[in-house]
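> take this sequence and fold it.
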Amino acid sequence: METEPFETAEAQGIPTVRQQSVFVENSVGQLLRLTRLFDQTDVRILALSIVNSVDCAICRMILDEPDRGYDLLTGAGFKVSEAELLVVALPHGKRALLHTWTALLNGEVNIHYTYPLLIRPNECAAIAVLPDAMEQAVDVLRSRRFQLLDQDDLRKFDF
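Model prediction:
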């Protein structure tokens, strides 16, 4: 029986990036162990967010080479899940976040979570965003002339 490939936002032409969520034991040295995996490779961590709980932590990461990063992480025994996010280049000015949140609110888009990138693509601050309605968020942001970056845009960025 032939199966159809999974539909992803990227496959639908939506500019997304892949996020790896890595589940780590909540103990001393685990974040260092995780980041050292990339030390001897050219895979770079472009964004990082850590959610801590009593017995484990979730490290959300955006990597410039998500396929290679996934292989490194799972090969080292980490449990990894993936999700697609939007990366929004923030407009210049001190009210960049206010304008971004206002645009999404006016479009009736909720945000599950967000975190900043460690890099500045095109000399702009940028944030990763997981909206509740991906297509709607893209439409709203594009209609208000926000720049959305995809995985290729981030891969091209040179530190």
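> can you give the contact residues for stretch 29-38?
22, 24, 44-45, 50, 57, 59, 63, 69, 72-73, 76, 78 (Cβ atoms under 8 Å, 6 or more residues apart in numbering). In this view, the C-beta of every residue, glycine as well, is placed from N, C-alpha and C.
> of those, closest to P121?
Within those, proximity to P121 (Cβ to Cβ) peaks at R44, which comes in at 12.8 Å.
> may I have the phi/psi pair for V51?
Reported as degrees, to the nearest 10, the phi and psi values for V51 are phi -110, psi 120.
> farthest-separated two in the contacts of stretch 29-38?
Pairwise distances across the contacts of stretch 29-38 (Cβ to Cβ) peak at 21.0 Å, for the pair R44 and A57.
> G107 against V138, yeah?
No - assessed by Cβ atoms under 8 Å, G107 is found out of contact with V138, at 9.9 Å.
> select the longest strand from this protein.
strand 79-89 (DSSP state E).
> who are the packing partners of that one?
In terms of contacts (3 or more Cβ pairs under 8 Å, 6 or more residues apart in numbering; DSSP states H and E), strand 79-89 is packed against strand 17-25, helix 66-75, strand 126-131, helix 134-143, strand 147-149.
> which one of the ones you listed lies nearest to E84?
With Cβ to Cβ as the criterion, E84 lies closest to strand 17-25 of the helices and strands packed on strand 79-89, at 6.2 Å.
> pull out the buried residues from the closest one.
Across strand 17-25, burial judged by 16 or more other Cβ atoms under 10 Å covers 17-20, 22, 24.
> stretch 72-79 too?
Result for stretch 72-79 [16+ other Cβ under 10 Å]: buried residues 72-73, 78.
> gap between the two ends of that stretch?
End-to-end distance of stretch 72-79 (Cα to Cα, to the nearest Å): 11 Å.
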